[in-house]
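# Dropping the sequence and predicted coords here.
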Amino acid sequence: MKNMIFKSLVMTCLLGLSVAAWAQRDAELADWKEEAVPPPPAFDAGKLLTFDVSEASSLSYGVDPATLRLSKDGVLSYVMVASSASGARNVLYEGLRCVTGEVKTYARYSPSGNWNPVTQPEWRSVFGNMPSKHALAFARAGACDNAAQASSVDEIIRKLKFNRFSRFNW
């Protein structure tokens, strides 16, 4: 009987600590403010670190490691390139927040070689129905460590290089 009371007390304490930790996390997220976003960096489509998004996708996805930037606000910015077998490219300048599982597109690269800023970029879930599956795959391939930001750009590059020949099981 004493053992059951002790276990119940321990579980109650652990639950209380867990609730307190979540409340602190929610308060920190509510106080978060995004830093000014730097202009889109130059990229080299010949140096992409590629990763699989879906078995069904006919597009190849990759990021130029030279464009990866971890800011103090916890946003990882990068240039994402989606290429078709015919050579057509869709190039995006994006930010990824691992702690909230969100992505934001800041600009799109035009075929004429210019960046076109998104007029009102908004954070959207990488888990939603919006076309953000590439961001989720990028997060899983090495950009995020579960809901935490990777500790450095070098760590992200290492993980992408390690994962580039593996396939996701969706």
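Nice, thanks for sending it over.

# Could you grab the helix/strand/coil label for Val53?
coil (DSSP: H, G, I helix; E, B strand; the rest coil).

# Which helix or which strand is home to the closest residue to Leu76 other than its chain neighbours?
For Leu76, ignoring the flanking residues on the chain, the nearest one in space by Cβ to Cβ, 6 or more residues apart in numbering is Leu96 at 4.6 Å. Where you see a C-beta, it was placed from the backbone N, CA and C, and this is true even at glycine. Following DSSP states H and E, one finds Leu96 within strand 89-97.

# returning to what we had before: count of neighbours near the residue nearest to Leu76?
Residues near Leu96, counting by other Cβ atoms under 10 Å, number 25.

# returning to what we had before: rounded mean pLDDT for the strand holding Leu96, please.
Across strand 89-97, pLDDT averages out at 96.

# So what's the model's average confidence on the helix or strand following it?
Past strand 89-97, further along toward the C-terminus, the next helix or strand under DSSP H and E is strand 102-109. Across strand 102-109, pLDDT averages out at 96.

# just stretch 67-80 next, same as before
Per-residue scores along stretch 67-80 average to 95.

# What lies in contact with it?
Stretch 67-80 is contacted by residues 32-35, 37-38, 40-43, 61-64, 91-99, 106, 109, 134-135, 138, 143, 149-150, 152-153, 156-157 when judged by Cβ atoms under 8 Å, 6 or more residues apart in numbering.
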